[in-house]
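# what follows is a predicted structure for the sequence shown.
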Amino acid sequence: MSNGVLFIHNNFPGQFGDLAQQLLARGVPCLAVGQHHARGMTGVKIARYTLQRGSTPGIFPLATRAEADLIRARSAYDAAMALRNEGWDPAVIVGHPGWGEMTFISEVFPNAKRVAFAEFYYHGRGFDVGFDTEFQAHDQEAVLRADAKNGMMAVAYAEADAIVTPTPFQASTLPPRFREATRVFHEGVDMDAIRPGPPEPFALDDGRVIEPGTPVITHVNNHMEPLRGLHILARALPRLLREVPEAQVILIGDPTKKPYGAAAPEGMTWKDACFQGIDYDPARVHFLGRVAHERMLAALRLGAAHVYYTYPFVLSWSLSESMASGCYVIGSDTAPVRDAIQDGKNGRLLPFFDVDALSGAMIAACRDPEASRPLRAAARVTAEAMFSRAKGREAWFKLLRELGLKIPG
């Protein structure tokens, strides 16, 4: 009899780490298919694949993504066949279709129910593409390139028994017919481990220490790019630093990583481009790069405000974790942020491109940190309702049981 779960993720475990761990703890067999670089996890047998070939030189440009996805799909098919030949027969397949690996999986395990994770369905208009034309033209080719990314994802969603997406905004990116099969629940953050706490002295890489009580602005931008508003923050900093002489700014993220959005100008990182020509004091603006998770949380607890800006794109984990930490969030008034923040109730929402509004909000937060106390408390309450990992687990278990998976307990 079929049982167990097969996870499909290019970089397994990805979003499925906690779910796999919880299933294993309940005695449910778990296995996975991922590309050769997938990290994997203890207790989960993973079949890693390498690409059989590269993209075709000179291929029609709009077919580039579809071909790459199909190459990955064929390689993932072979990896899954190896699992089948060993006797594996999962009851449910849970996969991220964003790289194409789910395309042929039903040919390997035709009786398994399929759950497709919906992170973001691309659009040439009305979402991230064309939102900010400062760095990338919104011409017809840009529109067509975005639309063309959806080919293999659409196949996976069309064949799925259920679709799971973390937020209402992400659900809204799906075509209406796919939304009918969609459940909205967040994989969640550990609300017990990530919680408000007293700020502690924060050591910088150069040996200096930021003491509690110092007005600090924090910003987490995984790839240090405009898609998460780095250019707007950079332009808002000179006024903040001028009017609040004791203010310090902590920025976390790796500018060398490939961005979610457009590539940086030739020979530059987006950090270079966004701060080019900005007059700021480098002794007060601290670029920490990629840091350990606990160090990031310590920075959040220190802050007078946390700035979270984004194009209409996938909501970052940094927002859920900053709200769970009880931060005062100054966010962009864009659709994904509106899922979590209500202006004046559990944070602030400001027009994305209004640099002066951001400067003013940061200055006010630094000058009167007590004024944001009710918003901080409300942010924590929202995080418990929207981002609780415990609730996310229960939602996953409920869905998987409906699909026939036997989960003890």
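Noted; the coordinates are in hand.

# tell me the confidence at residue 232?
pLDDT, residue 232: 98.

# tell me if I am right that it is in a helix.
Yes: membership of residue 232 in a helix is supported by DSSP: H, G, I helix; E, B strand; the rest coil.

# roughly how far apart are the residue nearest to residue 98 when sequence neighbours are not counted and residue 69?
Distance criterion Cβ to Cβ, 6 or more residues apart in numbering; nearest residue to residue 98, sequence neighbours excluded, is residue 119 at 5.9 Å. Where you see a C-beta, it was placed from the backbone N, CA and C, and this is true even at glycine. Here the criterion is Cβ to Cβ, to the nearest Å. By it, residue 119 lies 14 Å from residue 69.

# the more surrounded of those two?
residue 69 (23 against 17; other Cβ atoms under 10 Å).

# could you list the low-pLDDT ranges of this protein?
Counting by pLDDT under 70, the chain shows low-confidence ranges at 1-2.

# try 50
Of all residues in the chain, those with pLDDT under 50 make up the ranges 1.

# please parse it into its domains.
If you go by automatic domain parsing, the domain ranges for the chain are 5-188+389-402, 202-386.

# start and end of the longest one, how far apart?
For domain 5-188+389-402, the first and last residues are 14 Å from each other (Cα to Cα, to the nearest Å).

# quick revisit: got TSV for the domains of the chain, with distance to residue 196 too?
Formatted as TSV, these follow (distance: least, Cβ to Cβ, whole Å):
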stretch	distance to residue 196
domain 5-188+389-402	17
domain 202-386	3
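
# which of those sits closest to residue 194?
domain 202-386 (4.3 Å; Cβ to Cβ).

# can you tell me how far residue 362 sits from residue 252?
17 Å.

# I should have written residue 284 there, sorry.
Per Cβ to Cβ, residue 284 is found 16 Å from residue 252.

# who has more neighbours out of these two?
Higher neighbour count among residue 284 and residue 252: residue 252, with 21 against 16, using other Cβ under 10 Å.

# quick check: the more buried one touching residue 221?
Yes: with contact defined as Cβ atoms under 8 Å, residue 252 counts as touching residue 221 (7.3 Å).

# what sits against the residue nearest to residue 98?
Applying Cβ atoms under 8 Å, 6 or more residues apart in numbering, we find residue 119 in contact with 15, 96, 98, 165-166, 170, 314.

# part of a helix, is it?
No: under three-state DSSP, residue 119 falls outside any helix and is assigned coil.

# quick one: it from residue 296, how far?
22 Å.

# host element of residue 219?
strand 216-220 (DSSP states H and E).

# which outside residues touch that strand?
With Cβ under 8 Å, 6+ apart as the test, strand 216-220 has contacts from 202, 210, 230, 233, 240, 247-253, 296, 299-300, 302-308, 316, 318, 322, 327, 362, 365-366.

# follow-up on the earlier one: out of the domains of the chain, which comes closest to residue 409?
Across the domains of the chain, residue 409 has its closest neighbour in domain 5-188+389-402 (5.5 Å, Cβ to Cβ).

# residue 408 is nearest to which of the domains of the chain?
domain 5-188+389-402 (5.0 Å).

# mind checking how far that closest one is from the chain centre?
Centroid separation between domain 5-188+389-402 and its chain, computed with Cα atoms, centre = their mean, to the nearest Å, is 14 Å.

# so what's residue 324 up against?
Contacts of residue 324 (Cβ under 8 Å, 6+ apart): 189, 191, 194-195, 380, 383-384, 387.
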